[in-house]
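In: A structural model of the following input is requested.
(chains A, B, C and D)
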2 protein chains.
Amino acid sequence: MTERSSILSTADARRPLVASAAVREFARGGLHGATVADVARAAKISPAYVFKLFPRKEQLFAVALESCFQQVLEALAVGADEAADDSPDSILDAMGDAYAHLIADRTLLMLQVHAQSVAEVPEIGDALRAGLERVTRFAKERSGASDAAVQRFIAYGQLCHLIVTTRVEQIPEEWARLLSEGITHPA
Amino acid sequence: MTERSSILSTADARRPLVASAAVREFARGGLHGATVADVARAAKISPAYVFKLFPRKEQLFAVALESCFQQVLEALAVGADEAADDSPDSILDAMGDAYAHLIADRTLLMLQVHAQSVAEVPEIGDALRAGLERVTRFAKERSGASDAAVQRFIAYGQLCHLIVTTRVEQIPEEWARLLSEGITHPA
DNA sequence: CGCAAGAGTGAGTGAGCAATCACTCTCCAA
DNA sequence: TTGGAGAGTGATTGCTCACTCACTCTTGCG
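Out: Alright, predicted model coming up:
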């Protein structure tokens, strides 16, 4: 595994690194608020080479989104393994906790929110639906919970997105506390 | 098409019309995907005059968002008045139905989704929080439901946003049906 | 009437950014 | 040793768009 240090890399080795940089940059600014130059800078390569690896900006965003959902699924799987017992509710709860922990730094959450707002771009909509399918299927199959419980799991996940994007959790008022109750995790 | 009496309007009369056009245009493309020229065209005035009425694009977006929440609140109020009985659950259900009906054309829903993704713009974040506060307070006070029930009401509203943005309702697969169950309304 | 205040616009300007291209440099297989 | 495939870039292009400004037209008023 110890590669001899050479100056050049390979395109196949670069792509995941660029995708990872893209996750961070697109999470910050969304498809329109982050530039390919931003991603290039974060990945320490030239903008021109980013375009050689991912011919269109939207494709780069879609790949970043896939990476995001991959991380989400892995976190859910780990969380499920740590459930208190193997009742459906316990497993869903454990997955929820794992998700809350994963998105503590807002990056993966913001990327999903931005993706939702540009879901009419075909490649992005496709990636979003694929990710949602994987999460939904996994939650259902791994927990064995009822359809209604899985639906609730996803719904409260979306509420969590709203709370974080609006920073409602930082508002010391009753209506805000009501929304965040049981959702936010202590730092 | 030489209009005989093209009467001048007043800035105060124009602003709501431009805001209404902005709702439509920003709902389509979001803050970055719709241009001020788009809004101007929809409002049938020049881009220059849009800037005279709303000096910055973000301010125009925030005003559009306020208009959106105003419409949402009015719809919730009407819905609540039509509840089967005045138990909290009935009222929340009726509000949910009214909301589903209101956002059938996706416009007001998409504007909220886009707003979420640019909530870090101060004026937009403020408008979003203000709208969310009004909706939450109204749902709680008008229905008299428990905090948990109101939280659930908002959470399923967010799930509804996800379903519509991703067009999951059109996917004839089990996981998609699971998510949409009881949420989507017949056309 | 004369004129001021406000309505409304055409024609820019300058910045930013996706995408392209011609090019150099590195590596390795034969 | 060399040639070709692939890694990687600087410079540029063409366009879009937020925002500005100088200007005209309308209307009400003394």
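In: use CA for all of it now, contacts and neighbours both
Out: Noted.
In: what does chain A have sitting close to DNA strand D?
Out: A:7-12, A:14, A:44-49, A:52 (C-alpha under 7 Å from any atom of the strand).
In: longest helix anywhere in chain A?
Out: Counting by DSSP state H, the longest helix found in chain A is helix A:57-81.
In: so is it next to chain B?
Out: No. For helix A:57-81 and chain B, the contact criterion (C-alpha under 8 Å from any C-alpha of the partner chain) is not met; the two come no nearer than 13.7 Å.
In: what about whichever helix or strand comes after that helix, average pLDDT?
Out: Later in the chain than helix A:57-81, the nearest helix or strand by DSSP states H and E is helix A:88-102. For helix A:88-102, mean pLDDT is 97.
In: swap in stretch A:161-174?
Out: On average, stretch A:161-174 scores 97.
In: right, is the longest helix of chain A up against DNA strand C?
Out: Yes. Using C-alpha under 7 Å from any atom of the strand, helix A:57-81 comes into contact with DNA strand C via A:57-58.
In: what does that helix contact?
Out: A:19-20, A:22-23, A:26, A:31, A:36, A:51, A:54, A:91-92, A:94-99, A:102, A:108, A:111-112, A:115, A:121, A:123-124, A:127-128, A:131, A:134-135, A:138, A:142-143 (C-alpha atoms under 8 Å, 6 or more residues apart in numbering or on different chains).
In: could you turn the buried ones of these into a PyMOL selection?
Out: Per 16 or more other C-alpha atoms under 10 Å in any protein chain shown, the buried members of the contacts of helix A:57-81 correspond to this PyMOL selection:
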select buried, chain A and resi 19+20+22+23+26+31+36+54+91+92+94+95+96+97+98+99+102+108+111+112+115+123+124+127+128+131+134+135+138+142+143
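In: if any of the residues of chain A next to DNA strand D are buried, put those into a ChimeraX selection.
Out: Here is the ChimeraX command that selects the buried residues among the residues of chain A next to DNA strand D (16+ other C-alpha under 10 Å):
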select /A:47
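In: can you add distance to residue A:168 and pLDDT and give the residues of chain A next to DNA strand D back as JSON lines?
Out: Listed next are these as JSON lines, based on distance: C-alpha to C-alpha, whole Å; pLDDT from 0 to 100:
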{"residue": "A:7", "distance to residue A:168": "48", "pLDDT": "83"}
{"residue": "A:8", "distance to residue A:168": "47", "pLDDT": "82"}
{"residue": "A:9", "distance to residue A:168": "44", "pLDDT": "88"}
{"residue": "A:10", "distance to residue A:168": "44", "pLDDT": "93"}
{"residue": "A:11", "distance to residue A:168": "42", "pLDDT": "91"}
{"residue": "A:12", "distance to residue A:168": "41", "pLDDT": "94"}
{"residue": "A:14", "distance to residue A:168": "38", "pLDDT": "97"}
{"residue": "A:44", "distance to residue A:168": "35", "pLDDT": "97"}
{"residue": "A:45", "distance to residue A:168": "38", "pLDDT": "97"}
{"residue": "A:46", "distance to residue A:168": "38", "pLDDT": "98"}
{"residue": "A:47", "distance to residue A:168": "37", "pLDDT": "98"}
{"residue": "A:48", "distance to residue A:168": "40", "pLDDT": "98"}
{"residue": "A:49", "distance to residue A:168": "40", "pLDDT": "98"}
{"residue": "A:52", "distance to residue A:168": "41", "pLDDT": "98"}
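In: can you list the residues of chain A next to DNA strand D in CSV and add secondary structure and distance to residue A:62?
Out: CSV is the format used below for the residues of chain A next to DNA strand D (DSSP: H, G, I helix; E, B strand; the rest coil; distance: C-alpha to C-alpha, whole Å):
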residue, secondary structure, distance to residue A:62
A:7, coil, 29
A:8, coil, 26
A:9, coil, 23
A:10, coil, 21
A:11, helix, 18
A:12, helix, 17
A:14, helix, 16
A:44, coil, 20
A:45, coil, 20
A:46, coil, 20
A:47, helix, 18
A:48, helix, 19
A:49, helix, 18
A:52, helix, 16
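In: and the residues of chain A next to DNA strand D, which is closest to chain B?
Out: residue A:47 (21.5 Å; C-alpha to the nearest C-alpha).
In: might you report the residue contacts of the closest one?
Out: A:36-37, A:39-41.
In: re the thing from before, now the longest helix of chain A and helix A:88-102, what's the angle there?
Out: 130 degrees (axes from the mean of the first three to the mean of the last three C-alpha atoms, to 10 degrees).
In: got the buried residues for helix A:57-81?
Out: Here helix A:57-81 shows A:58-69, A:72-73, A:75-77, A:79-80 as buried, counting by 16+ other C-alpha under 10 Å.
In: flag every residue of chain A that's near chain B.
Out: A:30, A:32-33, A:110, A:113-114, A:116-117, A:119-120, A:125, A:128-129, A:133, A:136-137, A:147-148, A:150-152, A:154-156, A:158-159, A:162, A:165-166, A:168, A:175-176, A:178-179.
In: write the ChimeraX selection for whichever of these are buried.
Out: The ChimeraX command for the buried members of the residues of chain A next to chain B (criterion: 16+ other C-alpha under 10 Å) is given here:
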select /A:30,32,110,113,114,116,117,119,120,125,128,129,133,136,137,147,150,151,152,154,155,156,158,159,162,165,166,168,175,176,178,179
